[in-house]
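Student: Just need the structure, nothing else, for what follows:
(one chain, ligands or ions: 3)
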Amino acid sequence: METSVWTPDSWRRLPIAQQPDWDDPSELDAVEKELGSYAPLVYPSEIRELQSQLAKAAKGQAFVLQAGDCAESFNDFSADVVRNKLRVILQMAVVLTYSSGVPVIKVGRIAGQFAKPRSSPMEKINGQLLPVFRGHIVNDDEASIDARRPDPKRLLRAYHQSSATLNLLRSLTRGGFSDLSRVHTWNQEFVASSAEGQAYDAVATEIERALKFMAACGIDLEREETLRKVDFWTSHEALLLGYESAMTRYDRTSKTYLDLSSHTIWIGERTRELNHAHMEFFSGISNPIGCKIGPSATPKEVIEICEKLNPMRIPGRLSLVSRMGSEKVQSVLPKLISAVQQANHPVIWSCDPMHGNTFVSENGFKTRNLEQVIDEVRGFFLVHRSLGTWPGGLHVELTGEDVTECLGGSATVNEEDLDTAYNTICDPRLNARQSLDLAYRVAEMLIGD
Ligand SMILES: O=C[C@H](O)[C@H](O)COP(=O)(O)O
Ligand SMILES: C=C(OP(=O)(O)O)C(=O)O
Ligand SMILES: [Mn+2]
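Tutor: Ligands and ions are numbered 1, 2, ... in the order given. Coordinates of the predicted model:
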């Protein structure tokens, strides 16, 4: 069998799915060269720290919460949007940790989540056939031929927005805002008035009481770094491999290549073909990585993915993100988990209950129902419980804003409410209330484990 040497560019000789039709490849080439000279967005030591935390999740000692936009937007970018997203993820993590006592590793779909794989290369809007929107790193979501033209310069803008987002995240998570003594302030007004918001407030009050107790016992909380700071990691789907290989650098400490665009990246359901470009690229970088697994996956295929992406069987290196749909999860997942278990691959099994439960409402909105989302997570937990394996994580699309994109929740969003604040540029996201609701339900499942 042909074996060729891996390089950050060896994927270029292989077939590749879901790529834009760039007008001028030389323009793309120039942009990728420029990116290659830019500073990394994250540091090797951070990636190594995340890898060691994820190793604990692979062993059943931690839970991964990965959450954020389906697609980050160039237009809807502000400190408030970033802060509110961080807020809701921290709230969910507090609920999960406080109820279950299990450490929660917090990973944002943020600071680089710009490229979108799509079901079809074209779409019809108001009778006009247009190239599909592929994320702001490629083209614009506006419905015109011109806006949909892929523009390589967008890669540079994505880099700069990721850098600004990371800068904000780093300052928000290094004390002040993310200090556990400010746990109450993460409850935004529109959340605080809801049932979940009130339940959260009660948890926050108990945490504050515990902190006061510790202070009264003489523990200097000001000096307890772990209470004042939060480890918050970034992730995105690495779809545009030209961008990713430009951000990949040799790390002299570990003597390996690292993709320094993000702490961890994943391969989407539509690009996980074994001998194709994405698998090749991912096999050679040593970041922790994920791979989405949909209902068509066979046990053989999943084992081949594990062999290709984690031949050394490093715990925490590979997360398999199951996205089966609530109706299929209990029939499809068990044989995949059993095969992975028998082959002794130490993967983290995570549940994406969003992408298998998307449908178009009667009034024309791409949406998801919170109850169906919860149902898939429940199925995922049931399967793991029956096999004695660890349900290691949750992967969701959400926003900190008060949007109406998904149905259900305690402040019920009905079909006729969808157009009130349907702001997503790609898939429907849970709003902050629905996210908190989900966190409570998942916490119950974790406790029952
Ligand atoms: O986020 C995931 C995909 O990009 C999205 O679900 C595809 O959506 P589509 O079926 O509308 O192309
Ligand atoms: C494209 C996505 O998911 P999947 O590859 O599972 O469809 C996504 O996570 O936005
Ligand atoms: Mn999506």
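
Student: for residue 152, what are its contacts?
Tutor: Contact analysis of residue 152 by C-beta atoms under 8 Å, 6 or more residues apart in numbering lists 22, 24, 27, 28, 30, 31. No exception for glycine: its C-beta is placed from N, CA and C like everyone else's.

Student: Kindly recompute the last result at 7 Å.
Tutor: By C-beta atoms under 7 Å, 6 or more residues apart in numbering, the contact list for residue 152 reads 22, 27, 28, 31.

Student: Pull the number of nearby residues for the closest residue to ligand 2 within the chain.
Tutor: Residue nearest to ligand 2 within the chain (C-beta to the nearest ligand atom): residue 268, separated by 3.2 Å. Per other C-beta atoms under 10 Å, the neighbour tally for residue 268 reads 22.

Student: I'd guessed it sits against residue 119; true?
Tutor: No - using C-beta atoms under 7 Å, residue 268 is not in contact with residue 119, being 11.8 Å away.

Student: any low-confidence regions in the stretch 1-150 of the chain?
Tutor: 1-3 (pLDDT under 70).

Student: can we see that at 50?
Tutor: Low-confidence segments of the stretch 1-150 of the chain, defined by pLDDT under 50, are located at 1.

Student: which bits of this protein sit near ligand 3?
Tutor: Contact residues, the chain versus ligand 3 (C-beta under 5 Å from the ion): 70, 427.

Student: Spell out which parts of the chain neighbour ligand 2.
Tutor: 70, 117, 237, 268, 269, 270, 292, 323, 352, 355 (C-beta under 6 Å from any ligand atom).

Student: Now with 5 Å, please.
Tutor: Contact residues (C-beta under 5 Å from any ligand atom) of the chain with ligand 2: 268, 269, 292, 323, 355.

Student: Tell me the buried residues within those residues.
Tutor: 268, 269, 292, 323, 355 (16 or more other C-beta atoms under 10 Å).

Student: Mind putting those into a markdown table with pLDDT and secondary structure?
Tutor: Below are those laid out as a markdown table (pLDDT from 0 to 100; DSSP: H, G, I helix; E, B strand; the rest coil):
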| residue | pLDDT | secondary structure |
| --- | --- | --- |
| 268 | 98 | coil |
| 269 | 98 | helix |
| 292 | 98 | strand |
| 323 | 98 | coil |
| 355 | 98 | coil |
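
Student: Show me which of these is closest to residue 317.
Tutor: Using C-beta to C-beta, residue 292 comes nearest to residue 317 of those, at 16.2 Å.

Student: quick one, what contacts that closest one?
Tutor: By C-beta under 7 Å, 6+ apart, residue 292 lies in contact with 266, 267, 268, 269, 272, 321, 323, 352.

Student: dump the residue contacts of the first one.
Tutor: By C-beta under 7 Å, 6+ apart, the residues touching residue 266 are 235, 237, 289, 290, 291, 292, 321.

Student: Just the closest of those to residue 258, please.
Tutor: residue 289 (11.2 Å).

Student: so what pLDDT did that closest one get?
Tutor: Per-residue pLDDT puts residue 289 at 99.

Student: That one touches residue 318, doesn't it?
Tutor: Yes - with contact defined as C-beta under 7 Å, residue 289 counts as touching residue 318 (6.1 Å).

Student: who does the residue most central in space within the chain bridge with?
Tutor: The residue lying closest to the centre of the chain (C-alpha atoms, centre = their mean) is residue 109, at 3.8 Å. With DSSP bridges as the criterion, residue 109 is bridged to residue 68, residue 235.

Student: Which residue ranges of the chain form helices?
Tutor: Counting by DSSP state H, one finds helices in the chain at the ranges 25-36, 44-58, 79-100, 153-172, 189-192, 195-216, 225-228, 241-246, 277-284, 299-309, 329-342, 370-387, 432-447.

Student: Check what pLDDT residue 299 gets.
Tutor: 98.

Student: excluding its backbone neighbours, what's nearest it?
Tutor: residue 339 (3.5 Å; C-beta to C-beta, 6 or more residues apart in numbering).

Student: what separates the one you found from residue 9, distance-wise?
Tutor: 33 Å (C-beta to C-beta, to the nearest Å).

Student: Which member of the contacts of residue 266 is positioned nearest residue 86?
Tutor: Of these, the one sitting nearest to residue 86 (C-beta to C-beta) turns out to be residue 235, at 14.0 Å.

Student: what's around the closest one, how many residues?
Tutor: The number of residues packed near residue 235 is 27, by other C-beta under 10 Å.

Student: That one reaches residue 262, doesn't it?
Tutor: Yes - under the criterion of C-beta under 7 Å, residue 235 makes contact with residue 262 at 5.6 Å.

Student: contacting residues for residue 421?
Tutor: Residue 421 sits next to 402, 403, 404 when contact means C-beta under 7 Å, 6+ apart.

Student: Next, format those as a markdown table and append neighbour count and distance to residue 376.
Tutor: Putting these into a markdown table (neighbours: other C-beta atoms under 10 Å; distance: C-beta to C-beta, whole Å) gives the following:
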| residue | neighbour count | distance to residue 376 |
| --- | --- | --- |
| 402 | 17 | 24 |
| 403 | 21 | 21 |
| 404 | 22 | 21 |
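
Student: what's in contact with stretch 113-120?
Tutor: So stretch 113-120 is contacted by 18, 68-69, 71-72, 132, 134-138, 158, 236-237, 239-240, 268, 270-271, 426 (C-beta under 7 Å, 6+ apart).

Student: Retrieve the pLDDT associated with residue 242.
Tutor: 98.

Student: related to what we said a few turns ago, contacting residues for the residue nearest to residue 299?
Tutor: Taking C-beta under 7 Å, 6+ apart as the contact definition, residue 339 lies against 299, 302, 303.

Student: I'd guessed residue 405 sits against residue 422; true?
Tutor: Yes - the criterion here is C-beta under 7 Å, and residue 405 meets it with residue 422 at 5.5 Å.

Student: Between these two, point out the one with more neighbours.
Tutor: residue 405 (26 against 15).

Student: count of neighbours near the residue lying closest to that one once chain neighbours are set aside?
Tutor: Closest residue to residue 405 apart from its sequence neighbours, by C-beta to C-beta, 6+ apart: residue 428 at 3.6 Å. Residue 428: 27 surrounding residues under other C-beta under 10 Å.

Student: pretty sure residue 428 is touching residue 403, no?
Tutor: No - contact between residue 428 and residue 403 fails when scored by C-beta under 7 Å: they sit 8.3 Å apart.

Student: Which strand residues bridge residue 257?
Tutor: Residues in beta-bridge contact with residue 257 (DSSP bridges): residue 250, residue 285.

Student: Tell me the predicted confidence for it.
Tutor: pLDDT for residue 257: 98.

Student: Quick one: residues contacting it.
Tutor: 8, 248, 250, 284, 285, 286.

Student: and if you look at residue 431?
Tutor: Neighbours of residue 431 in contact, by C-beta under 7 Å, 6+ apart: 399, 401, 402, 403.

Student: so which of the residues you listed comes closest to ligand 3?
Tutor: residue 399 (12.2 Å; C-beta to the ion).

Student: buried set for stretch 211-219?
Tutor: In stretch 211-219, counting by 16+ other C-beta under 10 Å, buried: residue 211.
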